[in-house]
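In: got a predicted structure plus its sequence, pasted below:
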Amino acid sequence: MLGKRLHKRAIAVAATLSLAAGLFAGLGPLSGHASSHREAPLLAADPQVDGTDLYAFVSPDRPNTVTIISNWIPFQEPAGGPNYFAWADGVNYDVRIDNNGDAKADIVYRWVFTNHYRDANTFLYNTGQVTSLTDPNLNFYQTYDLTRIDENSGKDTLLVNDAKAVPSNVGAASMPNYNSGLFDAGVTSFGSAPSKTWVGQADDPFFLDLRVFDLLYGANLSEVGDDTLAGFNVSALALQVPKSDLAAGGDVNGNPTVGIWTTASRRSMRVQTSTGSQTYTGHFVQVSRLGMPLVNEVVVPVGLKDYFNGSKPSADAQYLGAVQDPELPHLLNAIYGTEVPDSDPNTPGVQRADLIQVFLTGVPGLNMPDGVKPSEMLRLNMSIDPCSSACSTLGVIGGDLAGFPNGRRLSDDIIDASLRVVLGVLLPDHQAIADTIGDGVNANDAPFNSEFPYLAYPHAGSDPTPHP
Amino acid sequence: MTRVAKVGLVTALAVGLFVTGGIGAFRSLGNDGRSTTQVTPNGTEALLKPAVGSASLIDEIASLQDRLRVLPSDWRSFASLGLAYVQQARVSADPSYYPKAQGVLQRSLSLNDTDNFQALVGMGALALARHDFSGALQWGERAKAVNPYNGNVYGVIGDAQIELGDYAAAFRTFQTMVDTDPSIASYARVSYARELQGDVAGAIRSMTAALDAAGSPDDSAWASFQLGELFFNSGHLTKAAAFYRRGVELAPSYVPPHAGLAKVAWARGETSKAIARYTWVVQRYPSPEYVIALGDLYATNGQQAEADQQYALVHAEQQLFAANGVNVDLELALFDADHGKPVDALAAARAEWDRRHSVHVADALAWALHANGMDAQAWPFERQALKLGTQNALFFFHAGMIRLALHAPVSASTWLRRAIDTNPHFSILYAGVAADTLAGSERSR
Amino acid sequence: MTKVACRVLAVASVTIAVLVAPIAASAHPLCNFTINLYSGIQLTPGEVRIDYVVDMAEIPTFQEMPNIDADGDGIASDAERAAWAGREAPQLLVGLSLSVDGRPVELRVLSSSMRFRPGQGGLPILRFEATFGGEVARVGSIAYRDDNFPGRIGWREIVAAGQDGVALRSSNVPTQSVSDALLSYPQDLLSSPLRVTSAAFSFAPGTSVSASGVRNEGAVSEGRPGVSGGAFADLVSRTGFPLIVLALLLAVAFGAVHALGPGHGKTLMAAYLVGAGGRVRQAVAVGGAVALMHTASVLSLGFVVFSAERVFAPERVYPWLGLLSGLVALGLGAGLLVVRLGAWGNARVVHAHAHDSGSALLPEHEHGSEHGHSHSVADAPLLSRRGLMALAIAGGILPSPTALVVLLASVAIHRVVFGLALIAAFSLGLAAALIVVGAIALRARVLVSKRLSTRAGRLMPVLSASAIVVVGLVLTVQGVTRL
């Protein structure tokens, strides 16, 4: 079991490193040259601003509302490392919404966190049993403000002030009633409908075998079929608001499709202070961007990943080429001899009108806004009701229009759906393998909740074997 | 062939085939999927206690090694492993990781030399660690050509420019870095740039931001130690001690904060405690800086024999530097100047000045010239050392002593006063000298 | 780590300087301050001995020098070195703990010595060697820890081996030093300096594995059937007639080579044929059956893979097939063993009689050998249809992953016929190789049995049946552990 855990961690670590552009932590040197040669960390991990997944779906139990969940700080080992996975103080965590297809944000929901220590003399996370969010034994805690910004009018509305983030689950001894006393208690309601927000730690809802990406390095694929993320936690920002709050002009029937993406921004600062007026902080710099799943892994070339994280959707037309002829089908072709799909064989070069629809414009008749400007975001047609029968984890390609790529539900099998789309399942006359390819992982390791925030409870730090 | 030989041959063949079949079955039994290489018994986690270095970094290295044994063409993991080795060499001070780092980084580049900026950054980091600053600059520029949107690229370039003394370029690079990727790495560099320019409060604010942005206990420990240094060097002992202690709490095996606490003990007059702490540090990591500090502590405490033992160790380390073809380090040039080998000190400082013109090299050269009685030549270099406005008490002290030797007592007093005002505990050896000299020169006026 | 690493480092710096920069790169020579420890645990009946080595690099050696040079004359005399080693040994012993079944074992210093070797920069490096010993029972579990020099950087290595009839079990440390007891440290890009500070194992009377055991040379994980098809899998993408012929020929060759690799029923077949006193014709039959079974197995697994949802998980089937093959072999062997033991018992009773005493059991085609068989005593029935089937299953049901890849690849690129032809050729090679193996085994049997007494000769069928049981057992265990 120990070996198994190590193995899974190994995959996880390696995956973090190689998928997330290879950045990781390290100390500065034990410098024998303290005064003459300062060596600062060169490649520091920045998991706090590492956005991993974005979900958006019509709430199954409140179909007049939409739920948006964005996940951060990946690969949280329940029992390992720092047992508190804190949000970054002073960072703008944004969910951005384009409700008219012009590739610009019209509405922004922004969470900003503040750290608190009850006893500043200790860095301990808790000083005794913690049974509620206001428990004085919770020595370190974080609060957040949630603001809605109307980008068109410039009006900011403070929706939630000093709400408490749900702490990480350090274990049964410290937090005996975590699920009911802390996780469930983290839901904060606001507004009349009412709207809700929840911020805290959850089981990572993404399920996949990350080793499918190892095929790029000639990996032995006979081992896939194991949920790499099983037993890892993640930090999540969840929001549930009426559809009319998102639709342009509040008109859900007239403007049902919204494009959603999430960003994190940190403040820059000024190096030189020659003017005498010491300005310490600079502008906010966007350091993370995420909309559709797997875009960074599948579509954006290696050398452009950093650029992508700092870019805006309105400049996405430049990715047309990468989407038109992505690398992945060629790699699959080189290794397995699968066909490189082409939506228009009569035009020279590879054309992928299908991928452009999925990744950049939305699918016509489903979630493509009128006059859409091609841009990468998760597009949700809010007028499509949640599935009641014929639900499919494959979403639209499984005949279930309420799922991916029309938004994304927690249970959607993104890897299988994406691999099939990349291999041309949306094209007529596609190769047979496009109907069957997958990673062998078809469901999450932990059950999702039936109510907001729907996420599964996190694995406890006291769980000796979180990874099955 | 005789009949016996035939029998033997055929029997041997048959037995051989039988045995290979059997061995095949047994071998795969004992080796099911996982490598059981004896050099790294990764399956026996409990046996692998990191004595020095961070657990997470060691985990990462082990993970990447495992992965690369299975995926020997994963150039990204090779690049990551190279960087991890560089970090590990620094953290553990075990330089056997450097050739490993070079090996895996070259492997990564041989697998992909078109858009592999991670490996280029890694080569830059390796060059920096080996004090090959010009080389680091070239690697950084190559990485920047591939990916100008990555903050680390500017970290490599800026660090090299700082060490080479090209401050204007370095500050521009760091500004680009923090505007590209605000993070602990860029905040820490802003802090250093501000410190060099004499903006101590600004440096502390940036380093605090770096601490807040730290993503791991190791990074937090590093930033805490740096804050301790900033407070110590500006004369704030209590705050310095608090941050050193925090560094120790966050990463108990990380040595520098322990040395910081030893320094604080000395500054508070707790000499025996300081000696005990430095002795502990030197046993774990006898870097010349710490050995010299311990020697100076013994010397100022009247224990000359013990001091001489430590100084002898420093000389032994110098011998080793030389044997490795390494140019005598700046710290060692200053050590020579302070410990009766002025000629060697001057030669070393001049050689370094030929290579790079940083303020620290200028100061060391000035002090070496002073030690040889060449104060008139020393002063211009000391002024170069002071050109950025760095609030470095040792620089101020050197300036004061050179001015004194140049028969400019008023100017000397001013500099010595600044040294003491900046940090009354700026040097184990000279803090007292500065105070006495100042008192003397003020009495004589 | 000390010398070697430093030298490598120095060379590396020179190289990098030449490659990238006009100026000399400066390496930190900090490897000169490692303290490296080695414990070689040896168990002999009733006794445990630990060969303990401390290898100090230049700086710790230098730091230690005042303690060695007692008279302060700057020279460490023989007497001073011996005295230091004598003082140091019991102190180092304090840092070691060894317990059997949880009870601490009192260790004594049996010998100690110290010498200097030349290090870098004209500085010496210190090598301390000691032997510690203690009494232990003949059976037990040992836990060992080395807590000396905590926090010091350096190599930490522990090995353990039994001698003179003591066998170690479930040891978590190797039997052989990878550093030659700290005299030469390995340089491998994908391994970190060793840091083993504890060991645990049990011991009992048994066969000692000598300390010169097999070294696992950085074994890449294997054992699991993989998709990494290698050269054979590449064949499927060939085109053009000459290339196709070449590909088919190569496939035959690959099949033959594959058959000679570990596994694949060679051992089983040889053992069976030898025991059953078969002839070349039977070898052909068995070889052919195994090859046919293998082909069928590859094809059906390929079919399963394509009809099932999951493209990527054919390996799920492997452990089951492995288990099946093991169980069949086990059953076959057990059956044969029972029959042959019985026959052997009978034969002993009727030894005084003529050689034909057991011939009633033999199928009629057994007679007529040109060599005039002298072994036809109590042989089991040879190659019934069921036996043949069992052999084919045991030897051929586990499909070669390579062949499977070929099949999958050929389907993926729409060259199914070619793929099938390649697999047929592969199986042909497999069969040919197995037949040759069988023939050799038979020949060996004939030659050997002529030299053996009749008693030993009669034992052979029993032995070979036992061998089949053993192989079956191994395959079964292997299958179970992989499930």
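Out: Right, received. Where do you want to start?

In: residue ranges with poor pLDDT in chain A?
Out: The model of chain A has pLDDT under 70 over residues A:1-45, A:80-83, A:123, A:211-224, A:273-280, A:297-298, A:302, A:468.

In: what ranges do the helices span in it?
Out: Using DSSP state H, the helices of chain A run over A:2-19, A:243-246, A:305-309, A:320-324, A:327-336, A:353-356, A:414-422.

In: next, the buried residues of the helix or strand hosting residue B:315.
Out: Residue B:315 is located in helix B:304-323, with elements delineated by DSSP states H and E. Residues B:306-307, B:309-314, B:316-321, B:323 are the ones in helix B:304-323 that count as buried (16 or more other CB atoms under 10 Å in any protein chain shown). Yep, even glycine has a C-beta here, placed from its N, CA and C like the rest.

In: pull the contacting residues for residue A:289.
Out: Neighbouring residues of residue A:289 by CB atoms under 8 Å, 6 or more residues apart in numbering or on different chains: A:51, A:261-263, A:308-311.

In: for those residues, which one is nearest residue C:41?
Out: When the contacts of residue A:289 are compared for distance to residue C:41 (CB to CB), residue A:51 wins out at 51.7 Å.

In: could you give the number of residues near the closest one?
Out: Neighbourhood size, residue A:51 [other CB atoms under 10 Å in any protein chain shown]: 24.

In: is residue B:293 in contact with residue B:260, as I believe?
Out: No. Counting by CB atoms under 8 Å, residue B:293 sits too far from residue B:260 to count as a contact (11.0 Å).

In: picking up where we left off before, the next helix or strand after the helix holding residue B:315 and chain C, are they touching?
Out: Following helix B:304-323 in sequence order, the next helix or strand is helix B:330-338 (DSSP H and E). No. Judged by CB under 8 Å from any CB of the partner chain, helix B:330-338 stays clear of chain C, getting no closer than 10.8 Å.

In: is helix B:330-338 anywhere near chain A?
Out: Yes. Shown here: helix B:330-338 in contact with chain A (CB under 8 Å from any CB) through B:330-331.

In: what angle sits between that helix and helix B:304-323?
Out: Counting by axes from the mean of the first three to the mean of the last three CA atoms, to 10 degrees, helix B:330-338 lies at 130 degrees to helix B:304-323.

In: show me what counts as buried in helix B:330-338.
Out: Buried, per 16+ other CB under 10 Å, within helix B:330-338: B:330-338.

In: settle it for me: which of residue B:293 and residue B:260 has more neighbours?
Out: Between residue B:293 and residue B:260, residue B:260 has the larger neighbour count (other CB under 10 Å), namely 26 against 23.

In: would you confirm that residue A:454 contacts residue A:444?
Out: No. Residue A:454 is beyond contact range of residue A:444, at 11.3 Å (criterion: CB under 8 Å).

In: need the residues touching each of the two.
Out: Common neighbours of residue A:454 and residue A:444 (CB under 8 Å, 6+ apart) are residue A:410.

In: among the two, which residue is more densely surrounded?
Out: Comparing residue A:454 with residue A:444 by other CB under 10 Å, the one with more neighbours is residue A:454, at 24 against 21.

In: residues contacting that one?
Out: Counted by CB under 8 Å, 6+ apart, residue A:454 has contacts A:67, A:69, A:238, A:410, A:448.

In: likewise residue A:104?
Out: When contacts are taken as CB under 8 Å, 6+ apart, residue A:104 is in contact with A:98, A:151, A:312-314.

In: tabulate those (JSON lines), appending distance to residue C:150 and neighbour count.
Out: Below are the contacts of residue A:104 laid out as JSON lines (distance: CB to CB, whole Å; neighbours: other CB atoms under 10 Å in any protein chain shown):
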{"residue": "A:98", "distance to residue C:150": "59", "neighbour count": "26"}
{"residue": "A:151", "distance to residue C:150": "59", "neighbour count": "14"}
{"residue": "A:312", "distance to residue C:150": "54", "neighbour count": "15"}
{"residue": "A:313", "distance to residue C:150": "55", "neighbour count": "22"}
{"residue": "A:314", "distance to residue C:150": "58", "neighbour count": "14"}
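
In: quick check, stretch C:90-101 touching chain B?
Out: No. Interface with chain B: stretch C:90-101 contributes nothing (CB under 8 Å from any CB), its closest point being 13.6 Å away.

In: so residue A:330 sits against residue A:341, correct?
Out: No. Applying CB under 8 Å, one finds residue A:330 not in contact with residue A:341, separated by 10.9 Å.

In: of these two, who's got more company?
Out: A direct count of neighbours by other CB under 10 Å for residue A:330 and residue A:341 places residue A:341 higher, at 24 against 13.

In: quick check: phi and psi on the more buried one?
Out: Per-residue torsions, residue A:341: phi -70, psi 160 (degrees, to the nearest 10).

In: run a quick neighbour tally on residue 418.
Out: You didn't say which chain, so I picked chain A. Neighbourhood size, residue A:418 [other CB under 10 Å]: 25.

In: not quite, I wanted chain C
Out: Using other CB under 10 Å, residue C:418 has 20 other residues around it.
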